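Participant: Below: sequence and its predicted model.
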Amino acid sequence: MQIMRGSEFSDVLPTIMLMRAKKVIFLGYAKDVKGYRLWCIEDSKFVISMDVTFNEKSMIAKAPKDNGVGTVGTTKSQVIKIEPKDQPENKRTGPNGKSDFVTEPIPESSWRSVWPRFLDEGAGKLILEPFGGKMSEISESETPFAYRAGYLYNVNYYVDWIDRSEEETRKHMDWICRLYNEMGPYVSKNPRASYVNFRDLDLGSNIDEGSLSSRYSNAKIWGERYFKGNFERLAKVKGRVDPSDFFRNEQSIPSLVEEEIVEDNKGKVEGESSSHQNLLSNMF
């Protein structure tokens, strides 16, 4: 495992981890890939990784004005020139992740059927994160994260690979999808919940066309798997601060504007009223 770090992490990471860590700058989320897009200062190149520890006490300096060449502000006055050749290829490569939530203990016999999967070629990792304690004392509607009381642990399925060939990509993706499907009977249902920090584009993605309400209806397919009943509330908040849904990505919260909801309901009522009138006229 290669550990990336922000700046000055001697007070955060153990010494043994600092020896293997590299200082990077967070640039955002990689497109069509599960991971953070980072600039490695030591190697002077872009990397995509999820093995990152952030130093939230350290802030990056304000970026200088654009002089025609793309720049990224760094600590002190350092400027990194980003050339087109440095950009990673636009292909779906590792890392890739999926997730589940467990509400009932999984039988030992079921786990025994899962373990052999980790001997397969292209096998990845299975991470179990326990819940309970203080988390269960917080109402599921108090924060966007809704998986509180009644959830035993979170399951993360993770694969990572470097070879960008189609064969290698298919091998790793087949492994994680097969394991995810086999775990289906043992995890949460209606909906099958997912952890938002393991963004899974296989669940669906935003559409660019149509009204805001139709975009919201499309996004509910995956949004409620991340946030349960909190998804609608988040969309309404987004509708207040960004009513045109300008800031978005494949699985960003869509904007749900109250006025459009009223108009949609008005159209439904008018349509029902018209059908009732036609029915009455045919009766007499």
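Facilitator: Everything's here; your move.
Participant: Quick one: the helices in the protein, in order.
Facilitator: 15-18, 108-114, 134-137, 166-182, 212-227, 230-241, 258-283 (DSSP state H).
Participant: Least confident of those, on average?
Facilitator: The minimum mean pLDDT among the helices of the chain belongs to helix 15-18 (a mean of 47).
Participant: How much space separates residue 30 from residue 199?
Facilitator: Distance of residue 30 to residue 199, computed by C-beta to C-beta, to the nearest Å: 10 Å. All C-beta atoms are positioned from the backbone trio N, CA, C, and that covers glycine.
Participant: Isn't residue 184 up against residue 157?
Facilitator: No: checked against C-beta atoms under 8 Å, the pair residue 184 and residue 157 is beyond contact range at 12.0 Å.
Participant: how near is residue 240 to residue 258?
Facilitator: 8 Å.
Participant: actually residue 136, not the one I wrote
Facilitator: Residue 136 is 33 Å from residue 258, by C-beta to C-beta.
Participant: and if you look at residue 125?
Facilitator: Distance from residue 125 to residue 258, by C-beta to C-beta: 43 Å.
Participant: Neighbour count: the two, which is higher?
Facilitator: residue 125 (14 against 11; other C-beta atoms under 10 Å).
Participant: Can you tell me the closest non-neighbouring residue to that one?
Facilitator: Among residues not flanking residue 125 along the chain, residue 158 sits closest, at 4.4 Å (C-beta to C-beta, 6 or more residues apart in numbering).
Participant: Quick check, the one you found in contact with residue 95.
Facilitator: Yes: shown here, residue 158 and residue 95 form a contact pair, counting by C-beta under 8 Å, at 6.5 Å.
Participant: okay, these two: which has more neighbours?
Facilitator: Higher neighbour count among residue 158 and residue 95: residue 95, with 21 against 18, using other C-beta under 10 Å.
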